[in-house]
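Colleague: could you look at this predicted model? Sequence included:
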Protein chains: 2
Amino acid sequence: MRKAKIHSMEELSATIGISRPTLSRYFQNPESVRASTARKISDAMETLDYVPNFFATRLNRKATGMLGVVIPHATDLFFASLLEQIEIVAAELGYTVFTQSSHGSPEMESRAIEQLLSMNADGVLVAPLGGQSRLESLDRLRRNLPMVLVDSAIPGLDDVDFVGTDNHQSIKMIGEYLLRTGHAPTFLGMPRLNANAAAREVAYIELMEERGLEPVVIRGQSVGDSWHFEAYAHDVMEEHFAQGRHVSGALLCANDRLAIGALRAATRFGLTGENGLRIAGHDDHPLSRFMTPALTTVAQDIPAIAAAALRLVTDQIKGDAHDLPPRRETFATRLIIRESA
Amino acid sequence: MRKAKIHSMEELSATIGISRPTLSRYFQNPESVRASTARKISDAMETLDYVPNFFATRLNRKATGMLGVVIPHATDLFFASLLEQIEIVAAELGYTVFTQSSHGSPEMESRAIEQLLSMNADGVLVAPLGGQSRLESLDRLRRNLPMVLVDSAIPGLDDVDFVGTDNHQSIKMIGEYLLRTGHAPTFLGMPRLNANAAAREVAYIELMEERGLEPVVIRGQSVGDSWHFEAYAHDVMEEHFAQGRHVSGALLCANDRLAIGALRAATRFGLTGENGLRIAGHDDHPLSRFMTPALTTVAQDIPAIAAAALRLVTDQIKGDAHDLPPRRETFATRLIIRESA
DNA sequence: TCCTCCCTTTTACGCGTGTAAAGAAATGAA
DNA sequence: TTCATTTCTTTACACGCGTAAAAGGGAGGA
């Protein structure tokens, strides 16, 4: 049962009596050799323990078959879900994806970008940290590899393809829903401002002004560069609630993780009952439907975003034309009415 | 501002007038060349756009400096948190980590393992799917690379280092807490049986029998190989509650994601008030404290697990002795009493 | 000024595989 | 059996860099 270990294709060639170039072709595509030969090889492989060296195979190819993905945080289920979709589509296209998480740190993000550059990935999908991202790193990446920004655009880096959600549409949709059902929402923004944070806040303000209403934006102390959205929202809202502010009407949160934190605070203050404070989120976090009350929110079209992102990179890869005008694809969200608002 | 692009070290050598071997040494360790030379190189690099090719650098080295990590699901916050810790520690040790998610599928898990084998990673950390994992794949990996199983052991693959949580301790601790505070818990198990699922159930049964109590285990219809624990638990419990079963006393869930689903079902049936059904989980999921009621649970020591896993692989890597007896490190959990039980 | 020591350059080979070109062998049909 | 065609083998070079050995150069001390 213990198979003999073979370390190189050369060695394999010697032991099974088939020339190395033929083996090379076989491993790239078994059908590129005669059926009888392919059989002979695969039979021999049953007895032997050999895998072509990944590095060596990519070294002398025009394309490495690798796709880099950078996300800000692996522990945010939105990005984890996005990554999952990307990996699935990429696998179908035959790409090996190399994922790097920035862990919320600009240094790590830059390191990740260096990694992908040095690996000569065929293309890169970047969900950037946002405002804290180092522009030079991203710009360098853009100049050297096919690249697509996902989820959040970067002000100042405009000539890059972008795929994300139409924040204007989504905020307007849920905002109008809240208005329609009786309340002008207050807005709870994200602690750190990436492009989405800004865009959603702007969309909210525009909606309110359009209706001749006074926009009210809650912005708490940004505790360091914390990605602990739930805790942030909880603490911010707890302070407000304790002072009797924002205890009724509707609260529109920039994302579900904030909403979950806010919901918790509201519940503790007994604010979420019938005719109580209404809370809405954004993103349709996987756990939102399990909250009490279940969270009303808007769902981003993650599969569509992932598919589009891959379509755009592969276009760049095939076209090899870096001088195309930058494309921008945004997707509409779906309103999900549950109990919280 | 647009830097000239250099494609190889050879080319770099020609343009800045420093020999390639010296450059090679510089990039591996800038202090291995004379200070004046290092300065000369780094000055030149300011103007040029060059990164050593990752594949080429690893090709002719004894160690690749890569660590492979396989997790069952990137969208499970427990594994995402574990991965985060692993990446942080690995980065400190100078390893480049290559993460692959199995997406809950044995085929993907095997593919991931093939990838890591072909990349000749220095070592691999595997959080296996569990019962569905292909033993041949894992066994092949074990024979060829330093490897450590994390989180869940694999029956039939005993001669491998393992790092995880002491399920016996954790279940006993939270079970005794429930008993001490007045209720003999019913147990809600995971739908798919990996080693943890089995171990926790066994621990529960042992605890109950120890006390002379009748163990009651709820096991629902395993809907395919669903990793949607919350939905599974919700549906299973909803059916029970609708029939008036398990509506009081205490429910001990095999993990927090199940508990979240159960909690939701219980709340909808109005079971979670004062003197109502008590629900406890396992793992201290990041959102557990934000549930209503906040979830009582036990916290796994994720940083300790990550650190231990890396210690064990690096030991194997350094020692290069595959014939050490397998080591097994389990960590105790911490009881976290909140509102739900 | 000369010599020693240290760092650098030169030269060369190796890592494991891709790939091209030319000749040899095997296949299939007539 | 013969020929045309496909497929394989042989040979060679390439990818980008690690690394060893020998020779060259510069700085510092006497």
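Modeller: Cool, the structure landed.

Colleague: just the mean pLDDT for stretch A:138-153, thanks.
Modeller: Averaging pLDDT along stretch A:138-153 yields 92.

Colleague: what residues sit buried inside it?
Modeller: Within stretch A:138-153, the residues scored as buried using 16 or more other C-beta atoms under 10 Å in any protein chain shown are A:138-142, A:144-153. C-beta here means a position set from N, CA and C on the backbone, and glycine is covered the same way.

Colleague: tell me how many other residues crowd the residue nearest to residue A:109 when sequence neighbours are not counted.
Modeller: Of all residues not flanking residue A:109 in the chain, residue A:102 sits nearest, at 3.9 Å (C-beta to C-beta, 6 or more residues apart in numbering or on different chains). By other C-beta atoms under 10 Å in any protein chain shown, 25 other residues sit near residue A:102.

Colleague: pull the contacting residues for residue A:102.
Modeller: Contacts were defined as C-beta atoms under 8 Å, 6 or more residues apart in numbering or on different chains; by that measure residue A:102 touches A:70, A:71, A:72, A:73, A:108, A:109, A:112, A:129.

Colleague: can you list these in JSON lines and add neighbour count and secondary structure?
Modeller: JSON lines is the format used below for these (neighbours: other C-beta atoms under 10 Å in any protein chain shown; DSSP: H, G, I helix; E, B strand; the rest coil):
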{"residue": "A:70", "neighbour count": "26", "secondary structure": "strand"}
{"residue": "A:71", "neighbour count": "27", "secondary structure": "strand"}
{"residue": "A:72", "neighbour count": "26", "secondary structure": "coil"}
{"residue": "A:73", "neighbour count": "19", "secondary structure": "coil"}
{"residue": "A:108", "neighbour count": "19", "secondary structure": "helix"}
{"residue": "A:109", "neighbour count": "25", "secondary structure": "helix"}
{"residue": "A:112", "neighbour count": "24", "secondary structure": "helix"}
{"residue": "A:129", "neighbour count": "26", "secondary structure": "coil"}
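
Colleague: from these, which is closest to residue A:290?
Modeller: Using C-beta to C-beta, residue A:73 comes nearest to residue A:290 of the contacts of residue A:102, at 21.2 Å.

Colleague: okay, the closest one and DNA strand D: tell me how far apart.
Modeller: Distance from residue A:73 to DNA strand D, counting by C-beta to the nearest atom of the strand, to the nearest Å: 31 Å.

Colleague: do residue A:77 as well
Modeller: Here residue A:77 is placed at a distance of 38 Å from DNA strand D (C-beta to the nearest atom of the strand).

Colleague: and for that residue, the neighbour number?
Modeller: Residue A:77 has 24 neighbours, counted by other C-beta under 10 Å.

Colleague: how about residue A:234?
Modeller: The number of residues packed around residue A:234, counting by other C-beta under 10 Å, is 22.

Colleague: contacts only, for it.
Modeller: By C-beta under 8 Å, 6+ apart, the contact list for residue A:234 reads A:261, A:262, A:264, A:265, B:290.

Colleague: by neighbours, which of the residues you listed wins?
Modeller: The most crowded member of those, judged by other C-beta under 10 Å, is residue A:262 (34 neighbours).

Colleague: just to revisit the earlier point, among the buried residues of stretch A:138-153, which lie within helices?
Modeller: Secondary structure from DSSP state H places A:138, A:139, A:140, A:141, A:142, A:144 of the buried residues of stretch A:138-153 in helices.

Colleague: please tell me how far the closest residue to the fourth one other than its chain neighbours sits from residue B:304.
Modeller: The reference is to residue A:141. Spatially, and ignoring its direct neighbours in sequence, residue A:141 is nearest to residue A:113 (5.0 Å; C-beta to C-beta, 6+ apart). Distance, residue A:113 to residue B:304, by C-beta to C-beta, to the nearest Å: 31 Å.

Colleague: the more surrounded of the two?
Modeller: residue A:113 (29 against 15).

Colleague: sec struct for the more buried one, please.
Modeller: Classification of residue A:113 by DSSP: H, G, I helix; E, B strand; the rest coil places it in helix.

Colleague: chain B contacts on the stretch 1-150 of chain A?
Modeller: A:2, A:5, A:49, A:51-56, A:58-59, A:64, A:74-75, A:77, A:80-81, A:83-84, A:87-88, A:91, A:96, A:98-99, A:101, A:103, A:108, A:114-115, A:117-120, A:140, A:143-144 (C-beta under 8 Å from any C-beta of the partner chain).

Colleague: out of those, which sit inside helices?
Modeller: Per DSSP H, helices hold the following members of the residues of the stretch 1-150 of chain A next to chain B: A:54-56, A:58-59, A:77, A:80-81, A:83-84, A:87-88, A:91, A:108, A:114-115, A:117-118, A:140, A:143-144.

Colleague: ok, of those, which come out buried?
Modeller: Judged by 16+ other C-beta under 10 Å, buried ones among these: A:54-56, A:58, A:77, A:80-81, A:83-84, A:87-88, A:108, A:114-115, A:117-118, A:140, A:144.

Colleague: now do the helix or strand hosting residue A:170, average pLDDT.
Modeller: When elements are assigned from DSSP states H and E, residue A:170 belongs to helix A:167-180. For helix A:167-180, mean pLDDT is 94.

Colleague: from the chain's centroid, how far away is the helix or strand just after that helix?
Modeller: The element immediately downstream of helix A:167-180 (helix or strand, assigned by DSSP H and E) is strand A:185-188. Averaging C-alpha positions (C-alpha atoms, centre = their mean, to the nearest Å) puts strand A:185-188 25 Å from its chain's average.

Colleague: now swap in stretch A:78-92 and tell me
Modeller: 8 Å.

Colleague: residues in contact with that stretch?
Modeller: Here stretch A:78-92 has contacts from A:67, A:69, A:71-74, A:96-97, A:99, A:125, A:127, A:150-151, A:255, A:283, A:285-286, A:300, A:302-303, A:305-307, A:309-310, B:74-75, B:77, B:80, B:101, B:103, B:108, using C-beta under 8 Å, 6+ apart.

Colleague: cool, thanks, talk later.
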